[in-house]
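Engineer: sequence plus the predicted model coming up.
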Amino acid sequence: MDQPSTLVHVAIPRPLHTLLSYSVTAGEIPAVGVRVAVPLGKGVSVGLVLGVEAVAADSESEFAIKPIQAVLDTEPLADAHLLALLEWAARYYHCPLGEVIFSALPAALRKTKPLSKAMQRLLKPAAQPAAIAVEPDNALQLTASQQACLQSIQTWNAESTPRPVLLHGITGSGKTEIYLRLMTPLLAAGKQVLVIVPEIGLTPQLLTRFAHFFAEIPTVCLHSGLSDGERFKAWLRARSGQAQIIIGTRSAIFTPAPSLALIVIDEEHDASLKQQDGFRYHGRDLAIKRAQMLAIPVLLGSATPALESLYNVQTGRYRYLRLEQRPGSARPPALQVQDTRPFELQAGLTPDTLQALRNTLLRGEQAMVFLNRRGFAPALYCPSCGWQADCAHCSVKMTWHARRNRLVCHHCGAEQATPTECPSCKNPQLTTQGQGTERLELLLQNHFSGFPVVRIDRDSTSRKGELEEKLSAVRTNEPLILVGTQMLAKGHDFPNLTLVVIMDIDHALLSTDYRALERLGQLLVQVAGRAGRATKAGQVILQTSQPQHPLLQQLVGQGYTPFAKQLLEDRARWSFPPYGYHALIRASSETLEPALRLLEFIAERLKASEQVIQCLGPVPAPIEKRANRYRAQLLLGSKQRGALHTALDFLLAGGVKLRGCSGVRWSIDVDPVDFS
DNA sequence: AGCACGCCGACT
DNA sequence: GTCGGCGTGCTC
């Protein structure tokens, strides 16, 4: 008897570029979006059902179709919208769909284990939350410009297919207030709002504001500090519609939210929105895609918008709002460039800078010295023979950490005891070179005895609660000096902080990475924004040996917008993003040659695609060796996004294999932001 | 990614 | 004569 039977097409978390098909028995046909356990090779794998197809029982098949092993869920984990987003992302980033899907699901769902009864129950559709009266906080009055901003956004968002809005608001201009006010009516109507932030641990003040303002609204936070179980529970609460505010880092963009009505991307320029390994998506770009698919508004906020976003404003794809003034009497800080060349430096600081620090402390105010380099010194060398402490596994110098008296590689984590003499010539007098936050802390402690020096970096805050401890010391508003890295750049508001010193920006001014200047400009503006946030005027000192650099001059003299405009003109001249599109193919192997050879082969295949694209390279990566692997890269550029994608599809369809390149690992990075 | 199959060097 | 090296290819 030829009875019809049923096939399911399943995405598997492996680098397969196709779905696999399995048979199911009539009584257990799973719905699309349900997980199944399937036999794979000799083993068993989890998979997600993406298609169900009735076929004639006698239909021929290329393969021996195996039956699924078990249906794992009673309810679909992802709805059609989310699956469409993931399918789009897999195509756009040229990442296998199964890997995309399972990296978007909480880790608890990547196992071939059925959920407990309790968890199954939580997957059932829940009733929409009842409308809640959100109490307007009368203590919080919007300024006239905030009010005008809010009004514009609300008018625009009422359109049937709203365009993304870029809210360009200087530090302290009150972007958060706009977010809160925009969210209020939606939450009151029982809707959900997704808020994406760069790194949750670094934006505690944003979380506190939300918690106070929306005390009665169920909220979940999705960040790296959660255990698998906690993350899964938060995901379930969002999926049920019960949690109305979902705050999280980039991966939160994949959280199911049945009544999603708004997406907010805070610090939309931030590089941490781009995933740097595996499925290399951009959180902001997927947010815009998701919002577009759902026809809901999306708001991008930043004091220093990404060049891409400013360009999208120019072309009319985004709308733009500027929030200029700081509430109250706060004025923007005065920026001053300090030429380091004529001076003898102490731990990298000029005499003028030290004097400015002293004056600040004597006025009873706080100062911050920003140096994006951990450890005591970034190099240890022998003055007699020239030997230097290199990492055995990477092509970088090791950093000397004084407190632990160890040499540490900041790229692979390798550590070793500090040698007591030169391993090459036995000279017992090894010397350090360059500045790190540890050395800066020590110098400042000696120089300003009687005033506390608080160092905040990954090394000084590794213990749980240590960061909060240090921050609360700063919040006493007593005169002190803060020393720190990137960790200090955003999210903290110190009312008595009036001086910010920024060190070591030369490498970014001289970098060959075309994004380095954009990032430097953003960082300078963000860090400068720490100064003078309350009623006191702020001062910012930039130390550099390149004070005449035209773009630095422009940034200091005219501000971020003209600086960004100039950078955009430079990008246009070279057809660099956003005027052209890039994809970076990286390869690594135990020696450099096979990686280069494979990329050479790939470059040739791409040429055979007959698409209008440029290949730059292959060349060794800027950090040629990392964790014992040699790295090379091939940059692809095109003025047509479509040509680039067609070429990459052609490459993947043909398969990439070359004899003698067996140990080469390679990957595609669409819209790369990091070229190291 | 795993995990097999498949041809060339040092062992009971 | 075999055990096993990891190069190559497949997974419905």
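Structural biologist: Noted; the coordinates are in hand. Numbering: from 1, shown residues only, chains lettered A, B, ... in the order given.
Engineer: only C-alpha atoms, please: export the helix or strand where A:Arg209 lies in CSV.
Structural biologist: Applying DSSP states H and E as the criterion places A:Arg209 in helix A:204-213. Provided in CSV are the C-alpha atoms of helix A:204-213 (Å, rounded to 0.1, in the frame of the first residue of the first chain):
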residue,chain,number,x,y,z
PRO,A,204,24.5,50.0,35.8
GLN,A,205,23.1,53.5,35.9
LEU,A,206,20.8,52.8,32.9
LEU,A,207,19.5,49.7,34.7
THR,A,208,18.9,51.6,37.9
ARG,A,209,17.0,54.3,36.0
PHE,A,210,14.8,51.7,34.4
ALA,A,211,14.2,49.8,37.7
HIS,A,212,13.1,53.0,39.4
PHE,A,213,11.0,54.4,36.6
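Engineer: quick one: mean pLDDT for the helix or strand following that helix?
Structural biologist: As assigned by DSSP H and E, the chain's next helix or strand after helix A:204-213 is strand A:219-222. Average pLDDT, strand A:219-222: 93.
Engineer: pull out the buried residues from strand A:219-222.
Structural biologist: By 16 or more other C-beta atoms under 10 Å, the buried positions in strand A:219-222 come out as A:219-222. Where you see a C-beta, it was placed from the backbone N, CA and C, and this is true even at glycine.
Engineer: how many other residues sit next to whatever residue of the stretch 401-550 of chain A ends up closest to DNA strand C?
Structural biologist: Scanning the stretch 401-550 of chain A for the residue nearest DNA strand C gives A:Cys412, at 21.6 Å (criterion: C-beta to the nearest atom of the strand). Applying other C-beta atoms under 10 Å, we find 17 residues neighbouring A:Cys412.
Engineer: ok, the residue nearest to it when sequence neighbours are not counted - contacts?
Structural biologist: Distances taken as C-beta to C-beta, 6 or more residues apart in numbering put A:Ala627 closest to A:Cys412, at 4.2 Å, once the chain neighbours are dropped. A:Ala627 makes contacts with A:393-394, A:411-412, as judged by C-beta atoms under 8 Å, 6 or more residues apart in numbering.
Engineer: greatest separation within the residues you listed: which pair is it?
Structural biologist: Greatest spacing in the contacts of A:Ala627, by C-beta to C-beta: A:His393 and A:His411 (8.3 Å).
Engineer: name the residues contacting each of those two.
Structural biologist: Common contacts of A:His393 and A:His411 (C-beta under 8 Å, 6+ apart): A:626-627.
Engineer: distance check, the residue positioned nearest the centre of chain A against DNA strand C.
Structural biologist: Most central in chain A under C-alpha atoms, centre = their mean is A:Ser272, positioned 1.4 Å from the mean C-alpha point. To DNA strand C, A:Ser272 is 32 Å away according to C-beta to the nearest atom of the strand, to the nearest Å.
Engineer: how many neighbours does A:Leu542 have?
Structural biologist: Using other C-beta under 10 Å, A:Leu542 is surrounded by 21 other residues.
Engineer: that one touches A:Val337, doesn't it?
Structural biologist: Yes: counting by C-beta atoms under 8 Å, A:Val337 is a contact partner of A:Leu542 at 5.1 Å.
Engineer: common neighbours of those two, please.
Structural biologist: With contacts defined as C-beta under 8 Å, 6+ apart, the residues shared by A:Leu542 and A:Val337 are A:552, A:556.
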